[in-house]
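K.L.:
Provided below for reference: sequence and predicted model.
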Amino acid sequence: MAERLAALGIQVSESQILAPPAAACAWLQAEGITDIALFAPEATAADFAGMTLLPADAEQGAGAVVVGDLAQRWNFQTLNRAFRLLVSRPAPRLLALGMTRYWHAPAGLQLDTGPFVAALQYAAGIEPVVLGKPAPAFFDAAVAAVGSSPGQTLMMGDDIRGDVAGAQRAGLKAALVRTGKFRPTDLHGDIRPDAVLDSVGDLPAWWQKHER
């Protein structure tokens, strides 16, 4: 993510980016859970250094089943293995690295983590611990990281539910941008953004207008 931002001319360090895996690691450490079954991209595994990652064919022995965005790697066997882990005894915890429904991939809209977590929740009867959007705790952590408060913070995003609704539930103002996965129908539902902008580039003018 830092490399992608740098390519856009935005220089940030990795430590300035708040991502769900870091929040998940902190939660697991606080709960004393070390044995995890990780269903996430290989690059994400590096964020769980210090944890014991179960083998790819394990169907029991997990203290937590951690679910991220596997994208094309999801199939019936993989989803069913996660289910078998969750119904084994003693029952592990189910951690979701976000509950976003879909995202805008280069080839078009693509299912994200949320639908797979919802399937596992329904099948295993286990309530997930959400450590990403739209959980209020995730937005709280972001606000704390920049030394602000919810009422003084504006969130910008292209997801009417994961970004806008999640931020508003955490007490932040939320602006919806008409880019990425934005759809015109987003403006006709029960969620009302505090602002709607054509792009992030419109933020300075909007900010100056409302600051006055």
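P.N.:
Ah, there it is. Since the structure is predicted, the reported quantities are computational estimates derived from the model, not experimental observations.
K.L.:
quick one, helices of this protein?
P.N.:
Assigned by DSSP state H, the helices in the chain fall at 2-7, 20-31, 42-45, 76-87, 113-124, 136-145, 166-169, 203-211.
K.L.:
tell me the domain ranges of this protein?
P.N.:
Listed by automatic domain parsing, the domain ranges of the chain are 2-130, 151-211.
K.L.:
can you redo those as TSV with distance to residue 139?
P.N.:
Heads up, the C-betas are built off the backbone N, CA and C, glycines and all. Output for these, formatted as TSV (distance: least, C-beta to C-beta, whole Å):
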stretch	distance to residue 139
domain 2-130	10
domain 151-211	4
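K.L.:
Identify whichever of those domains lies nearest to residue 141.
P.N.:
Nearest of those to residue 141, taken as C-beta to C-beta: domain 2-130 at 6.1 Å.
K.L.:
how long is that closest one from one end to the other?
P.N.:
24 Å (C-alpha to C-alpha, to the nearest Å).
K.L.:
likewise stretch 172-189?
P.N.:
End-to-end for stretch 172-189, by C-alpha to C-alpha: 19 Å.
K.L.:
Ok, stretch 36-49 next?
P.N.:
One end of stretch 36-49 sits 11 Å from the other (C-alpha to C-alpha).
K.L.:
for this protein, which spans come out with low pLDDT?
P.N.:
By pLDDT under 70, the weakly predicted segments of the chain are 212.
K.L.:
what's the residue closest to the geometric middle of it?
P.N.:
residue 98 (2.9 Å; C-alpha atoms, centre = their mean).
K.L.:
who touches the closest residue to that residue other than its chain neighbours in this structure?
P.N.:
Spatially, and ignoring its direct neighbours in sequence, residue 98 is nearest to residue 132 (3.0 Å; C-beta to C-beta, 6 or more residues apart in numbering). Taking C-beta atoms under 8 Å, 6 or more residues apart in numbering, we find residue 132 in contact with 19-20, 23, 96-100, 113, 138.
K.L.:
Residue 11 now?
P.N.:
Residues near residue 11 by C-beta under 8 Å, 6+ apart: residue 5.
K.L.:
just to revisit the earlier point, quickly note the distance from the residue nearest to the centre of the chain to residue 29.
P.N.:
Per C-beta to C-beta, to the nearest Å, residue 98 is found 19 Å from residue 29.
K.L.:
just residue 15 next, same as before
P.N.:
Between residue 15 and residue 29 the distance is 18 Å, computed by C-beta to C-beta.
K.L.:
Neighbour count for the two, which is higher?
P.N.:
Neighbour totals were compared for residue 15 and residue 29, and residue 29 leads with 12 against 9 (other C-beta atoms under 10 Å).
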